[in-house]
Each structure stands twice: as C-alpha cells, then as structure tokens.
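K.L.:
With the input below, show me the fold.
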Amino acid sequence: MRAVEILKAEIDLKKRMDNISEVAKNEIGSSRVLSSVEACRAAMITPPTLRRYRDDGIIETKRVGSRVFYKEEDIMRLAALVHPRRVQ
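P.N.:
Below is the predicted model:
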C-alpha cells in the first residue's frame, strides 16, 4: 500500500513540475527552458557563476514561484562564449 502512495505522489509531483515548466516557456517566450541545474550542466559552469550572470543581467531569466528558468538558446550562447573550444 505504501508503494502505491509513493508512486501517486511522484506522479503528482511530475505533473506539477511539468506545469511550472510550461508556464515558464509561455512567459519567457522560448520553446525550451532549462532549470538552474540543467543550465549549469549545459553551459559547463558552477551555480554561483550562473547566479552572478543572472544577477548582472547577462542572461535573461523567468522566475516561476521559487524556481528560475533560462532560455536554452541563451545558455547555449553563453556556453559557446565561456568554452569556445568545447561547444560547436
């Protein structure tokens, strides 16, 4: 019985996360948005560096509740600038 409850809770959480991502996509005007963790991985930078770029206005963000989202194309441009030899 407990396993079923956990599974239902995980499904509910996934639906809520998908909804938050959809709101961010609509508000930021991009077909694909990245969370902070995804953005750090894609740009090959640390979370403090990403926060500094956000705070300095280098990259556009959209906050939905407590979550921050980034346009995928902005992060890929940033990655190309930060690591020009790694990103094609």
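
K.L.:
and the gap between the most centrally placed residue in the chain and F69?
P.N.:
For the chain, the residue whose C-alpha lies nearest the mean C-alpha position (C-alpha atoms, centre = their mean) is S35; its distance is 1.5 Å. For S35, the distance to F69 equals 6 Å [C-beta to C-beta, to the nearest Å]. Just so you know, the C-beta spots here come from the backbone N, C-alpha and C atoms, and that holds for glycine as well.

K.L.:
Equivalent analysis for P47, please.
P.N.:
For P47, the distance to F69 equals 15 Å [C-beta to C-beta].

K.L.:
Show me which of those two is the more surrounded one.
P.N.:
Here P47 and F69 are compared on neighbour count by other C-beta atoms under 10 Å; more neighbours surround F69, at 25 against 11.

K.L.:
mind listing what's buried in the helix or strand that the more buried one is a member of?
P.N.:
F69 is located in strand 67-71, with elements delineated by DSSP states H and E. For strand 67-71, the neighbour count (16 or more other C-beta atoms under 10 Å) marks V68, F69, Y70, K71 as buried.

K.L.:
and after it, which helix or strand comes next?
P.N.:
That would be, after strand 67-71 and using DSSP H and E, helix 72-82.
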